[in-house]
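Peer 1: When you get a sec, could you give me coordinates for this:
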Amino acid sequence: MAYYPIENHGVIGDMHTVALVCMDGSIDWFCYPHFDSPSVFASILDEKKGGVFRLSATLPGTKYKQLYWPDTNVLISRFLSSEGVAEVIDFMPVPVHGDELEHPHELVRFVRTVRGSVCFRMECRPAFNYARDEHLVAVHGRRAVFSSETLTLALVSSVPQKADGNGSVAEFTLGPGESAGFVLRRAEGCPEEISRERIQGLLDETIAYWQRWLAHSSYAGRWRETVHRSALVLKLLTFKPTGAIVAAPTCSLPEQIGGSRNWDYRYTWIRDAAFTLYALMRIGFADEAAEFMKWVEERSHETNPDGSLQIMYGIDGRHDLSEVELPHLAGYRNSAPVRLGNDAHRQFQMDIYGELIDTVYLFNKYGSPISYDMWEHVSRLADYVCEHWHEPDEGIWEFRAGRRRFVYSMVMCWVALDRSLRLAAKRSFPADHQRWTTVRDRIYKSIMADGWSGERQAFVQHFGSETLDASNLIMPLVFFTSPTDPRLLQTIDAIDRPYDEGGLVSDSLVYRYSTSKGLDSLHGGEGTFNICTFWLVEALTRAGRFDRERLTHARLLFEKMLGYGNHLGLYGEQIGPSGEALGNFPQAFTHLSLISAAFNLDRWLG
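Peer 2: Numbering: from 1, shown residues only. Now for the predicted structure:
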């Protein structure tokens with residue numbers, strides 16, 4: 001295959017960047033040294049030009065398997081045949097002593113033979129700066145150096161390499177118990193060779209780091225392994241130097257094969273990060289929330305002239321994320337265009353204040369009491385919501401065809417003021433109680449009057465529409481409505497009908513809205529949206545406290561959804577018509593909603 005399925009990949013990283021590793025031993029995506037740095041390997045976006053780092057056994061009739069070292073982000077790719085068995089252990093050492101600036105950000109590949117005598121082939125063919133920069137290759141024994149105008153990397157190994165065009169290659173044979181190692185890192189300070197002892201030491205330290213971190217989890221429910229894998233993914237998507245959290249570590253993986261819905265998700269959305277921290281705090285990880293609070297407080301000093309926040313920022317806090325296209329790259333399975341940057345950063349989205357203030361409220365409750373200075377920032381944001389809640393916006397799905405008064409945005413404005421009032425009461429902070437209460441109640445009545453369709457007997461996408469939107473399933477999750485409110489139950493039932501019968505469900509999977517009826521200005525369709533499926537599970541779970549049939553239905557939907565994860569329990573943003581992963585991968589939105597749904601479903605089943 002020219003392009004392996006997106007779901008055939010595992011992910012490794014060091015909380016600065018990640019690499020996608022295919023089952024066949026090829027690294028198909030790697031940006032260095034940060035998530036949003038230009039790519040070094042991007043064969044997943046163009047198998048001819050993108051660049052690849054392949055290390056695999058050349059066994060006839062090879063079968064591929066992948067697994068994670070237990071409770072870690074250390075990935076094992078296995079090659080099995082009647083002639084021998086081998087494995088490649090891929091990982092990135094994590095800086096553990098606050099040495100991010102000095103840390104070389106190494107990508108380590110440790111290969112060994114388990115049974116038989118196995119021949120291996122290594123190919124390292126970088127394509128710097130999204131395959132836009134030329135580079136030189138110099139190989140001396142066991143060290144190859146790749147030099148471009150913007151970046152110089154070295155590949156040091158325990159076996160000899162040789163130059164081959166724009167890359168380096170190595171062919172070698174290992175008997176039972178024998179091993180070899182490869183380390184890719186910046187060339188400055190890179191040694192001439194790498195010893196097995198040093199690789200083993202790095203591996204031991206990396207395993208210990210991840211296992212120590214995961215040991216802080218408080219989740220002991222029915223789906224412990226699945227929840228812990230999602231937690232490990234979310235931790236990988238955290239940018240350690242600033243506490244920012246990326247929505248996904250990839251760009252331009254399509255929402256429909258051959259379609260144009262290809263976006264760059266390597267940035268920090270206020271919404272996604274806030275939801276991520278809610279999920280992590282739910283199962284005992286409060287430190288990540290503390291780091292993100294610092295990041296949020298820094299952004300609070302950089303508000304727009306009217307006092308608003310951007311909906312998203314770079315992982316270093318930068319504001320300009322201008323979108324450009326790369327026409328020289330074909331895109332995954334010819335899904336063009338390939339985009340860098342994201343013009344959604346210019347959009348007006350009112351829901352972010354609800355998600356952010358709700359996270360501050362929960363951090364104050366389950367993490368550490370917030371400071372007075374942080375309260376001042378919250379208070380200003382609450383005042384901003386009072387002034388602007390009624391204005392049309394682009395909504396959670398970031399429509400590019402005009403603003404509307406989206407019901408989801410209105411609900412989250414209500415959340416912003418409700419949580420501000422709760423926080424003020426809990427901590428006795430000074431607040432404009434009367435104004436916030438009055439506007440909060442006005443928002444509530446407005447949603448009930450204009451966000452409800454008597455014809456559809458459901459809450460709709462935006463005021464004046466008759467279109468369903470799965471984002472309204474958030475209502476009971478944020479306590480806007482009771483989980484058994486008749487209007488909510490009717491909305492759940494309307495959404496939980498087959499797509500071709502006016503609902504949003506296809507065999508337990510949920511579309512976010514109908515692309516033919518909504519405000520989507522883009523061509524083509526898309527897959528079912530994973531977070532929406534987990535939202536349906538959680539809405540049914542909460543309603544199921546008083547209706548066992550709904551609870552049973554919620555569990556079935558959840559178990560079915562788990563069956564759509566890949567062989568490692570990883571998910572993209574969407575699921576295609578054949579059960580394939582679509583969109584950027586792995587997706588924080590999906591994994592955080594999995595944790596929340598598993599937590600609540602387990603609690604009510606108990």
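Peer 1: for residue 296, helix, strand, or coil?
Peer 2: Classification of residue 296 using DSSP: H, G, I helix; E, B strand; the rest coil returns helix.
Peer 1: Compute the number of surrounding residues for the closest residue to it other than its chain neighbours.
Peer 2: Excluding the flanking residues, the one nearest residue 296 by Cβ to Cβ, 6 or more residues apart in numbering is residue 356, at 6.8 Å. Glycine gets a C-beta too; all of them are placed from N, C-alpha and C. For residue 356, the number of neighbouring residues by other Cβ atoms under 10 Å comes to 25.
Peer 1: Can you tell me how far residue 356 is from residue 398?
Peer 2: 17 Å (Cβ to Cβ, to the nearest Å).
Peer 1: so what secondary structure elements neighbour the one helix or strand the residue nearest to residue 296 maps to?
Peer 2: Element membership of residue 356, judged by DSSP states H and E, is helix 351-366. If you count contacts as 3 or more Cβ pairs under 8 Å, 6 or more residues apart in numbering; DSSP states H and E, helix 351-366 packs onto helix 270-282, helix 287-300, helix 372-388, helix 407-427.
Peer 1: Turn those helices into CSV, columns for mean pLDDT and mean neighbour count.
Peer 2: Putting these into CSV (pLDDT from 0 to 100; neighbours: other Cβ atoms under 10 Å) gives the following:
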stretch, mean pLDDT, mean neighbour count
helix 270-282, 93, 24
helix 287-300, 88, 18
helix 372-388, 97, 18
helix 407-427, 98, 23
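Peer 1: pretty sure residue 82 contacts residue 61?
Peer 2: Yes - the criterion here is Cβ atoms under 8 Å, and residue 82 meets it with residue 61 at 7.0 Å.
Peer 1: related to what we said a few turns ago, could you say which one of the helices and strands packed on helix 351-366 comes nearest to residue 208?
Peer 2: helix 287-300 (17.4 Å; Cβ to Cβ).
Peer 1: and the angle for the closest one with helix 351-366?
Peer 2: 130 degrees (axes from the mean of the first three to the mean of the last three Cα atoms, to 10 degrees).
Peer 1: and the helix or strand following helix 287-300, which strands flank it?
Peer 2: Going down the chain from helix 287-300, the next helix or strand is strand 312-313, by DSSP H and E. Strand 312-313 sits in its sheet next to strand 268-269 (antiparallel), going by DSSP bridges.
Peer 1: From residue 590, how far off is residue 570?
Peer 2: Taking Cβ to Cβ, one finds residue 570 at 9 Å from residue 590.
Peer 1: Oops, could you answer that again for residue 546 instead?
Peer 2: Distance, residue 546 to residue 590, by Cβ to Cβ: 28 Å.
Peer 1: These two: which has the busier surroundings?
Peer 2: residue 590 (29 against 11).
Peer 1: helices or strands up against the helix or strand of the chain with the lowest mean pLDDT?
Peer 2: Counting by mean pLDDT, DSSP states H and E, the chain has its least confident helix or strand at helix 287-300, which shows a mean of 88. With contacts taken as 3+ Cβ pairs under 8 Å, 6+ apart, helix 287-300 sits against strand 244-245, helix 270-282, helix 351-366, helix 372-388.
Peer 1: CA atoms only for the second one, dumped as CSV, please.
Peer 2: Pointing back at helix 270-282 there. In CSV, the C-alpha atoms belonging to helix 270-282 read as follows (Å, rounded to 0.1, in the frame of the first residue of the first chain):
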residue,chain,number,x,y,z
ILE,A,270,-9.2,27.1,24.8
ARG,A,271,-12.1,24.7,24.5
ASP,A,272,-10.2,21.5,23.8
ALA,A,273,-7.6,22.2,26.6
ALA,A,274,-10.3,23.0,29.1
PHE,A,275,-12.2,19.7,28.4
THR,A,276,-8.9,17.8,28.5
LEU,A,277,-8.1,19.1,32.0
TYR,A,278,-11.6,18.3,33.2
ALA,A,279,-11.0,14.7,32.1
LEU,A,280,-7.6,14.5,33.7
MET,A,281,-8.8,16.0,37.0
ARG,A,282,-11.6,13.5,37.0
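Peer 1: List the contacts of that helix.
Peer 2: 219, 230-231, 234-235, 237, 244-245, 247, 286, 288-289, 292, 296, 309-312, 349, 351-352, 355-356, 358-359, 362-363, 366-367, 396, 588-589, 591-593, 595-596, 599 (Cβ atoms under 8 Å, 6 or more residues apart in numbering).
Peer 1: Just the buried ones out of those, please.
Peer 2: Among the contacts of helix 270-282, the ones that count as buried by 16 or more other Cβ atoms under 10 Å are 219, 230-231, 234-235, 237, 244-245, 247, 286, 288-289, 292, 296, 309-312, 349, 351-352, 355-356, 358-359, 362-363, 367, 396, 588-589, 591-593, 595-596, 599.
Peer 1: Which parts of the chain belong to which domain?
Peer 2: For the chain, automatic domain parsing gives the domain ranges 6-189, 224-605.
Peer 1: quick one: which of the ones you listed is nearest residue 210?
Peer 2: Of the domains of the chain, nearest to residue 210 by Cβ to Cβ is domain 6-189, at 3.7 Å.
Peer 1: what about that closest one, how long is it end to end?
Peer 2: In domain 6-189, first residue to last residue: 35 Å (Cα to Cα, to the nearest Å).
Peer 1: What average pLDDT does it get?
Peer 2: In this model, domain 6-189 carries a mean pLDDT of 95.
Peer 1: The residue nearest to residue 296 contacts residue 381, correct?
Peer 2: Yes - between residue 356 and residue 381 there is a contact under Cβ under 8 Å: 7.2 Å.
Peer 1: got any residues that touch both of these two?
Peer 2: Residues touching both residue 356 and residue 381 (Cβ under 8 Å, 6+ apart) are 309, 416.
Peer 1: Spell out the residue ranges of the helices in the chain.
Peer 2: Ranges of helices within the chain are 128-131, 196-214, 224-236, 270-282, 287-300, 351-366, 372-388, 407-427, 433-450, 486-495, 530-543, 548-562, 588-605, based on DSSP state H.
Peer 1: Much appreciated, bye for now.
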